[in-house]
Every structure is written in structure tokens, then in C-alpha cells.
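[1] Sharing a model that was predicted from the sequence below.
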Amino acid sequence: MTLIDPQEYREAFVQYLRKGTPIRFETKNTRPTTDYVWRTRRDGKVRSSHAEREGQVFLWDDPPEGGHPGEDYGCRCTAEPYLPQTSEFIEISLQGVSGGGAAWSSRDFVNHYYRGTGRSVTIRETGHLSAIVSEYMARVEKRLKDQIATEARRKRTGGFIYPFGRPYNRTSVVFSIGDTVIGGELSGNVEEKHGVLSVEGSFDFYLRDEFADPADIGVEIIDPGETIFENIHRPLDNHLRGRTGLPPRGPQRLGVQTGEPYSITDDWSGTLSGQIYLDPARSAYG
Ligand SMILES: [Zn+2]
């Protein structure tokens, strides 16, 4: 959908008024407003039936008796694009983000790798969900709103589904060894009135991650031996202890050969409501 500049639209009307130049069809067809304000010349020659329409709003798709301004014989009235000012906003509120107990430390994630027998965990179980979601939203919220605004303009009226998601490499979250995939889907509905889109919707968000080999040396190594222990396991162990504030301690075989990768998942939801201009040139979104 191409939206014309409101100024171009006004100028087309001026030309129509002064020279009788018809409004180009494509200009009409892609007009940025569904409505116009009836304007008369405000002088003694205005017919009374039109004088009554001064300042009133009409739909392009539903002409009043006698037609749109300028269509009736001898009519000098004009149509002014109806572009009401509105306070644009898109608000996203999240649900199901709280919960969980004390946050797992890095050590806890590693321990689960070695002792959890591969059991999946949820982020909220590890106590990190709200931090993850906060970080995620801080990163994507603006872009997400822009994308949804673009999608709502494309749809203009009715329901739409907007899926999104991508891997986030190396988030600041300590347990994320590989890519953490966060995404979701918006089930939205959009209505247009007077060039303003009202958007409502509900989100389903998801997170999919896997805690794999924390030393990144492959679980197939059965017997690391002293070299690997000294060069990888001890530094890793000390590093993780450093993060948790515990002092380094003596040799402790982490037991790579017994580790089991496990998935880390979660789901949460949200709602969206917004009011944005149909015309992206007027909008702060998209
Ligand atoms: Zn008139």
C-alpha cells in the first residue's frame, strides 16, 4: 500500500478547485484518510444544503446526497483531508514472568550438567526468567513495535499473526553456552478509523536453549587426563568459582565423561495495545 503525502493530497484538491483538474485516481485510491472535512467558501453564494455541511466529517466511501464536495453542479466546496491528531502509543505488558526460587549460580548450571541426567529445566526454575526477559525486552522492544506497526499497516483491518524470533548469541546470561533462541508470536487485530490504526493483540513468547558441554571439548572425551584437567577443567572450575565468589580449591574432576546436555526452556505471555497513524510518514512507529 502506498500512502501519499497529505500535502500532495491538499495540493491536488487546490488544483481541482482552481482549475477543475480531477483528482488523479491513484491519489484518491491511496489517500491517507478514509474521511474528509467538508469545506465551503463561506460566502453568501454557498447553497444552504452545503453550508450546513461546513466542518462536518464525511466518508469517502459514503458520499452524502449530491456527492462529494465539488461534484454537484456549480459546487465550489472542497474536501479537506481529515487528519486528526492522536497520541500514538504501543504498549506491551507481560504476564507469567515472575516466579521461581533463588537464582542458580553458574556452578548450579554446571552441576546440573553433570548430575542432572539430562533433565530439562525451565528458566523460572533457575530463578533467571525475569532478568532474561528484561534484558530481551530492552533489546528488542522498539524494533518489535516497529515491525508490528508495519504489519498492522499492511493488514489495515482485521486479524493478523506476526511471528518473530531469532537466536541471541552470547547474552550476558552466564548459562548460555550456545545461542539462546527467544521468540514468539503476536495474534493481533487492527481497526482503522480516520487514518488511525487501533491495534490489540496477545503474545506467546518462548525461550529455547541448551546447556551443552561447558568446557566445549566434546562429551566423547572419556578420560581427559592431567593435561586437559589442568588446562581446561581447573581454569573453568576456578572461573566458575570466581563468579560465585567461592575461593578456588584443589583438584576436582568435573567428570566430563558423565555430563548430559539439557534443554533450558520457558514460555510467557503478554498483551499489546496501541494506536498509531496509518501513514508511516506521520508516525513514530515502523
Ligand atoms: Zn458546495
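    That came through fine.
[2] Double-check that Leu272 belongs to a strand.
    Yes. Looking at Leu272 with DSSP: H, G, I helix; E, B strand; the rest coil, it is inside a strand.
[3] Tell me how many other residues crowd the spatially closest residue to it that is not a sequence neighbour.
    Once flanking residues are discounted, Leu272 sits nearest to Gly201: 4.4 Å by Cβ to Cβ, 6 or more residues apart in numbering. In short, each C-beta sits where N, CA and C put it, glycine included. By other Cβ atoms under 10 Å, 22 other residues sit near Gly201.
[4] could you point out where the stretch 51-200 of the chain is predicted with low confidence?
    Counting by pLDDT under 70, the stretch 51-200 of the chain has low-confidence residues at 99-101, 169-179.
[5] what residues does it put near the ion?
    Near the ion, the residues belonging to the stretch 51-200 of the chain are Cys75, Cys77 when assessed by Cβ under 5 Å from the ion.
[6] which residues sit in contact with the residue in the stretch 151-286 of the chain positioned nearest to the ion?
    The nearest approach of the stretch 151-286 of the chain to the ion comes at His194, 22.5 Å away (Cβ to the ion). His194 makes contact with Thr33, Thr34, Asp35, Val57, Tyr82, Leu83, Pro84, according to Cβ atoms under 8 Å, 6 or more residues apart in numbering.
[7] Among those, which one lies nearest to the ion?
    For these, the nearest to the ion is Val57 (16.0 Å; Cβ to the ion).
[8] So Thr150 sits against Gly286, correct?
    Yes. At 4.4 Å, Thr150 counts as touching Gly286 under the criterion of Cβ atoms under 8 Å.
[9] Pull up the overlap in contacts between these two.
    Common neighbours of Thr150 and Gly286 (Cβ under 8 Å, 6+ apart) are Pro280.
[10] Can you give the contact residues for stretch 137-155?
    1, 90, 92, 94, 160, 162, 164, 168, 186, 188, 190, 197, 199, 201, 272, 274, 276, 278, 280, 283, 285-286.
[11] Now that stretch - C-alpha only, PDB.
    In PDB, the C-alpha atoms belonging to stretch 137-155 read as follows (Å, rounded to 0.1, in the frame of the first residue of the first chain):
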ATOM      1  CA  MET A 137      12.700  -6.700  26.000                       C
ATOM      2  CA  ALA A 138      15.300  -3.900  26.500                       C
ATOM      3  CA  ARG A 139      17.000  -5.200  23.400                       C
ATOM      4  CA  VAL A 140      14.000  -5.800  21.100                       C
ATOM      5  CA  GLU A 141      11.100  -3.800  22.300                       C
ATOM      6  CA  LYS A 142      11.500  -0.800  19.900                       C
ATOM      7  CA  ARG A 143      12.200  -3.000  16.900                       C
ATOM      8  CA  LEU A 144       9.300  -5.300  17.700                       C
ATOM      9  CA  LYS A 145       6.900  -2.400  18.000                       C
ATOM     10  CA  ASP A 146       8.100  -1.000  14.600                       C
ATOM     11  CA  GLN A 147       7.700  -4.400  13.000                       C
ATOM     12  CA  ILE A 148       4.200  -4.800  14.400                       C
ATOM     13  CA  ALA A 149       3.300  -1.300  13.300                       C
ATOM     14  CA  THR A 150       4.400  -2.200   9.800                       C
ATOM     15  CA  GLU A 151       2.400  -5.400   9.800                       C
ATOM     16  CA  ALA A 152      -0.700  -3.600  11.100                       C
ATOM     17  CA  ARG A 153      -0.500  -1.100   8.300                       C
ATOM     18  CA  ARG A 154      -0.200  -3.900   5.800                       C
ATOM     19  CA  LYS A 155      -3.200  -5.500   7.200                       C
END
